[in-house]
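Colleague: Need the 3D shape of this:
(2 chains)
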2 protein chains.
Amino acid sequence: MQKIRLEITMSLDGCVAGPNPSAAHPLGEGGEELHKWMFAVRSFRAIHGMEGGATGPDDDIVAEHFENVGATIMGRHMFGGGDGRWGDNPWNGWWGENPPFHTPVFVLTHHARKPLAMQGGTTFYFVTEGIHVALERARDAAAGRDIVLGGGADVAQQYLKAGLIDEMQIHVVPVFLGDGARLFENTAGRQAAYDCVRAISSPSVSHYKYRARR
Amino acid sequence: MQKIRLEITMSLDGCVAGPNPSAAHPLGEGGEELHKWMFAVRSFRAIHGMEGGATGPDDDIVAEHFENVGATIMGRHMFGGGDGRWGDNPWNGWWGENPPFHTPVFVLTHHARKPLAMQGGTTFYFVTEGIHVALERARDAAAGRDIVLGGGADVAQQYLKAGLIDEMQIHVVPVFLGDGARLFENTAGRQAAYDCVRAISSPSVSHYKYRARR
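Modeller: A predicted model of the protein is given here:
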């Protein structure tokens, strides 16, 4: 059965990015602390074309994340390149010629742009009609496989508030960012309709999986 | 060395109490979910005069909490009995004749009241002059032992913002309350000055201990 899954890493004070995002700190100040655990594991490194990396529970969780994914949805900030119109020589994402998605990726933006085909099966489609249209297109593209919501906070909040997420996996890193993009704001409390179905911890991160009560 | 310690249980969406607190739901709707893990362990039951209870990491953490405590500080809501003046037949706390503190307890309130001596060494002192005076009095009373901040969110935030907390232990329960009293709001981001020094997880709760960088 096809699922809409949110996978996101959060600080213990509830932020998925730090304050004052900039070109030097695209995840905000301190935001890179959130993702160290992921960069360290074998499956994450492998899908980014790097060798080595740790095995164990964190690695198993990341490997599971990449299973059965048919489409990805993300916000403009996660795709990167700043705000506003795309311009003549537009930003092509953080991930180089062969991005780690290997599926169609639907980027929510206010600014239209032609699809961008990359190597390895990733094509970025830019959707200006909002979250429902992006989800419809992702459903068509995913052909029965899961749809992964990549963030940032704003996109996650919109889908959560609309009751469209089947499964959430929140990776909690025991760091405080002090300020930044909070995940559980502007959601009308819809997260209260989810039950924790699995909790796995390593010394550096805890993985909490939730499923919507139906 | 005497420490000022915050010990508090938080939902994964950052709340230490649920929405709409009332006499029927003093911890807010769903708030009792946060404390089930604590009611289940042997040390907590023992200090409340009950037999039995689980042993293991959660129990060890609770036992550690009760070690070397010389004074407790809490807010009026944690003490209970509603807002406003105390009246002629005032509320004497949630805990019966022999409260589990066995130390002087300083209750922050806007309404003066005479000290209330209970059995077992607990005396409640009502402090109307704010967090700094309450802390001074707690320091005197604790005679070198630690001072525990019991909550709620408002008291924790005030002490955190003022840079007065040495150690925080946040117990995270993988439940969502949807709304309620958020811990990491109105703190001016001061939590970013703390480092995680220990993380211990059981299936029902994760215990994160932080120390202020000095």
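Colleague: And what about the residue of chain A positioned farthest from its centre, helix, strand or coil?
Modeller: Distance from the C-alpha centroid of chain A, by CA atoms, centre = their mean, peaks at A:Asp88 (27.1 Å). Of the three states, A:Asp88 takes coil under DSSP: H, G, I helix; E, B strand; the rest coil.
Colleague: Do you know the pLDDT at it?
Modeller: A:Asp88 carries a pLDDT value of 90.
Colleague: what's the answer for the one 4 residues further on, then?
Modeller: The per-residue pLDDT reported for A:Asn92 equals 93.
Colleague: go on, A:Pro203?
Modeller: What the model reports for A:Pro203 is a pLDDT of 87.
Colleague: what do you get for A:Leu27?
Modeller: Here, the pLDDT recorded for A:Leu27 equals 89.
Colleague: Just give me the neighbour total for the closest residue in space to it that isn't next to it in sequence.
Modeller: Among residues not flanking A:Leu27 along the chain, A:Ala17 sits closest, at 4.9 Å (CB to CB, 6 or more residues apart in numbering or on different chains). (Glycine included, C-beta is placed from N, CA and C.) Counted with other CB atoms under 10 Å in any protein chain shown, the neighbours of A:Ala17 add up to 28.
Colleague: got the contact list for A:Ala17?
Modeller: A:Ala17 is in contact with A:27-28, A:31, A:34, A:152-153, A:177, A:180-181, counting by CB atoms under 8 Å, 6 or more residues apart in numbering or on different chains.
Colleague: What values do phi and psi take at it?
Modeller: Per-residue torsions, A:Ala17: phi -160, psi 150 (degrees, to the nearest 10).
Colleague: what do you get for A:Met74?
Modeller: According to degrees, to the nearest 10, A:Met74 has phi -140, psi 170.
Colleague: Beta-bridge partners for it, please?
Modeller: Beta-bridge pairing for A:Met74 (DSSP bridges): A:Val107.
Colleague: Just give the nearest non-adjacent residue to the residue nearest to the spatial centre of chain A, would you?
Modeller: Most central in chain A under CA atoms, centre = their mean is A:Gly150, positioned 1.7 Å from the mean C-alpha point. Leaving aside its chain neighbours, A:Gly150 sits nearest to A:Met74 (4.0 Å; criterion: CB to CB, 6+ apart).
Colleague: right, and that neighbour touches A:Asp154 too?
Modeller: No - applying CB atoms under 8 Å, one finds A:Met74 not in contact with A:Asp154, separated by 10.6 Å.
Colleague: Tell me which stretches of chain A form helices.
Modeller: Ranges of helices within chain A are A:36-39, A:42-47, A:57-65, A:76-79, A:131-142, A:153-161, based on DSSP state H.
Colleague: Can you check which of the ones you listed gets nearest to B:Ile170?
Modeller: Across the helices of chain A, B:Ile170 has its closest neighbour in helix A:36-39 (18.6 Å, CB to CB).
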